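sequence? don't have it. structure:
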């Protein structure tokens, strides 16, 4: 697998404000690469530099072997971009928008097939303002793909969509990847990143704080486990805190929350069994990408 | 070129679907002139109007109305909206420069203004017996420079306005001023002399349109030399247009 996008020590500021401090990553051919981070972390600025919309102050960028600053036109031919928050003219129909954007590219894709794939087959003559939010978003994705791009940059793909529309859009992105397009996905939704991305760069305050697969990110950030239950009778807390696996025991009303490492569940339940205490509503909480996100971004701030 | 053609076709369709621009900008001037022409007194030469017919004197103001709606209401709003909605930004992610979408807008606006003018001149001639322009070349130059000046101001407003609401507000103020001194609300010969002279130089330049259309006999010997009037319009095109190009924000 080749590297299609390489970013090295990217730095970009707007006046006094540093939008991107120092970002480096490489995107491999055929993957869905997530750029994840809290609002204002510098995600959008980073991908705008990649697609040649902005000129970085420092750092090296290579996109498909090209320099987005020097070879602007060629990069724009081969990188499709779905920008964050944008709308088309209200009274433009789906087919008109498609025809228009096809005229911008050297080798346009088959517009009809693209609209079919994105579930807009019956909407050719519908005006933009009459489309649902999900349909507008899918049209936007279609327009990002109309130039038969090698790389597609999708910024805030599902912001503002209802849960069903989000899932439908994710399925489409899977299909697009299967058709051979490398995708850079900017998002602040953990479920989206977990569902779609092969690898993730977690960006916070203009820097990459982690670069891994979603599972790897979770494992590296959250080695901690949590066991939550309601004891049937009074339980001497020290029996739990004495266990080597346990790091803390907290009470929330009748509930006990035990956090720790290693084989925590086994250790806790065997103590409970010895004491003839029944653990009601027993739940084991596994760390999610959400937890990893919070842990990794908080670590920098403290 | 393929992109400019496709954009012009697309923008023309959008223009025709926008009731305000198409109806008020193109059809309304003719409708109003014909409506006023239905009043017999306004069709007859009258001492009050300097021995000339009102419809003939006022016809250029009807054109001023149409040019104002297209250049000072439609264009600033559309361009500011395109920026606000990220349409210009989206274009800049494609191989085509977003400037091409502005070029397409101006082509469509010019075409709409030409249609409005032809419709007005021909209907006035057929229905109200207002002669076709006596100085076709002078009329065409006055029309092109006048509309160019209006468009340049419209684009300048679109360039500096932070939002489409502000663009719309600013444009309306400028629009009302140009309409007033252009004699749309009150015929120009009823305006105080100073305002009337001011109207000679405020785009799109009603006096130059009148002189080109009906000749100096009807237009009266205006205190302002024709070349100076046209020169001022050209200056508006260059200065406002240049400033718009310089100050334009794409996002």
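Received the coordinates, thanks. Computed from a predicted structure; not experimentally measured.

All the strands of chain A, residue numbers only.
Read by DSSP state E, chain A holds these strands, from start to end of the chain: A:3-14, A:17-28, A:32-36, A:58-63, A:79-82, A:151-155, A:182-187, A:199-204, A:207-212, A:225-231, A:246-252, A:255-260, A:279-285.

what about the third one, average pLDDT?
Strand A:32-36 shows a mean pLDDT of 94.

Now do that strand: distance to the chain's middle.
5 Å (Cα atoms, centre = their mean, to the nearest Å).

Which strands or helices does that strand pack on?
Packed against strand A:32-36, as judged by 3 or more Cβ pairs under 8 Å, 6 or more residues apart in numbering or on different chains; DSSP states H and E, are the following elements: helix A:43-50, strand A:182-187, helix A:190-196, strand A:199-204. For the C-beta atoms, the positions are set from N, CA and C on the backbone; glycine is no exception.

Contacts for it, please.
The contact list for strand A:32-36, computed with Cβ atoms under 8 Å, 6 or more residues apart in numbering or on different chains, reads A:5, A:25, A:27, A:43, A:46-47, A:173, A:177, A:182-188, A:190, A:193, A:196-203, A:214, A:293.

Given that strand, what are its sheet partners and their directions?
Sheet pairing for strand A:32-36, assigned by DSSP bridges, gives strand A:182-187 (parallel), strand A:199-204 (parallel).

The shortest one too?
When pairs are called by DSSP bridges, strand A:79-82 turns out to pair with strand A:151-155 (parallel).

what sits up against the strand it pairs with?
Everything outside strand A:151-155 that qualifies as a contact, by Cβ under 8 Å, 6+ apart, is A:4-5, A:27, A:43-44, A:47, A:50-51, A:63-64, A:78-84, A:141, A:144-145, A:173, A:176, A:181-186.

Kindly recompute the last result at 6 Å.
When contacts are defined by Cβ atoms under 6 Å, 6 or more residues apart in numbering or on different chains, strand A:151-155 is touched by residues A:4, A:44, A:47, A:51, A:79-84, A:144, A:181-186.

who's in contact with whatever residue of chain A ends up closest to chain B?
Of all residues in chain A, residue A:86 sits closest to chain B, at 3.0 Å by Cβ to the nearest Cβ. When contacts are counted by Cβ under 6 Å, 6+ apart, residue A:86 touches B:86, B:90.

quick one: low-confidence parts of the chain?
I'll assume chain A. Low-confidence regions of chain A, defined by pLDDT under 70, span residues A:1, A:221-223, A:287, A:299-302.

that's the other chain; I wanted chain B
With pLDDT under 70 as the threshold, chain B has low-confidence stretches at B:217-223.

and the longest helix for the chain?
No chain specified, so I'll use chain A. Using DSSP state H to assign secondary structure, the helix with the most residues in chain A is helix A:163-178.

was after chain B, sorry
Longest helix in chain B, counting by DSSP H: helix B:99-128.

residues from the stretch 51-200 of chain A in reach of chain B?
For the stretch 51-200 of chain A, the residues in contact with chain B (Cβ under 6 Å from any Cβ of the partner chain) are A:73, A:76-77, A:81, A:83, A:86-87, A:89, A:91, A:96, A:100, A:103-104.

Show the buried residues in the residues you listed.
A:76-77, A:81, A:83, A:86-87, A:89, A:91, A:96, A:100, A:103-104 (16 or more other Cβ atoms under 10 Å in any protein chain shown).

which of the residues in the longest helix of chain B are buried?
The neighbour-count check on helix B:99-128 (16+ other Cβ under 10 Å) flags B:100-113, B:115-117, B:119-121, B:123-124, B:128 as buried.

okay, now residue B:131: neighbour count?
When neighbours are counted by other Cβ atoms under 10 Å in any protein chain shown, residue B:131 registers 13.

Over to residue B:84?
Burial of residue B:84, expressed as a neighbour count using other Cβ under 10 Å, amounts to 18.

Now do the contacts for the closest residue to it other than its chain neighbours.
Distance criterion Cβ to Cβ, 6 or more residues apart in numbering or on different chains; nearest residue to residue B:84, sequence neighbours excluded, is residue B:164 at 5.0 Å. For residue B:164, the contacting residues are B:80-81, B:84, taking Cβ under 6 Å, 6+ apart as the criterion.

What is the burial count for residue 231?
Here I'm looking at chain A. Using other Cβ under 10 Å: residue A:231 sits among 15 other residues.

actually chain B
Counted with other Cβ under 10 Å, residues neighbouring residue B:231 total 13.

Helix or strand: which one has it?
helix B:226-247 (DSSP states H and E).

any chance you could map the strands in the stretch 1-150 of chain B?
Per DSSP state E, counting those that start in this stretch, the stretch 1-150 of chain B carries strands over the ranges B:45-46, B:52-53.

Looking at those, which one is packed in the most?
Mean neighbours per residue, mean count of other Cβ atoms under 10 Å in any protein chain shown, is largest over these for strand B:52-53, with a mean of 20.

count of neighbours near residue B:213?
Around residue B:213 sit 28 other residues, with neighbours defined as other Cβ under 10 Å.

To clarify, my last question referred to residue B:41.
One way to gauge burial is a neighbour count; for residue B:41, by other Cβ under 10 Å, it gives 9.

what's the spacing between it and residue A:93?
From residue B:41 across to residue A:93, the span is 49 Å (Cβ to Cβ, to the nearest Å).

repeat for residue A:293
When residue A:293 is compared with residue A:93 (using Cβ to Cβ), they lie 40 Å apart.

Give the buried residues for stretch B:225-241.
Counting neighbours by 16+ other Cβ under 10 Å, the buried set in stretch B:225-241 is B:226, B:229-230, B:232-233, B:236-237, B:240-241.

ok, so of these, who is nearest residue A:12?
Distance to residue A:12 across the buried residues of stretch B:225-241 (Cβ to Cβ) is lowest for residue B:241, with 32.4 Å.

how about that closest one, what does it touch?
Residues touching residue B:241, when contacts are defined by Cβ under 6 Å, 6+ apart, comprise residue B:152.

gap between residue B:147 and residue B:97?
Using Cβ to Cβ, we find residue B:147 at a distance of 25 Å from residue B:97.

More neighbours: these two, which one.
Neighbours per residue (other Cβ under 10 Å) separate residue B:147 from residue B:97, with residue B:147 holding more: 28 against 17.

my read: that one touches residue B:67, true?
Yes: Residue B:147 is within contact range of residue B:67, at 5.1 Å (criterion: Cβ atoms under 6 Å).

shared neighbours of those two, which are they?
B:113, B:204.

separation between residue A:98 and residue A:241?
64 Å.

And these two? Which one has more around it.
Legend: neighbour count by other Cβ under 10 Å for residue A:98 and residue A:241, higher for residue A:98 (23 against 13).
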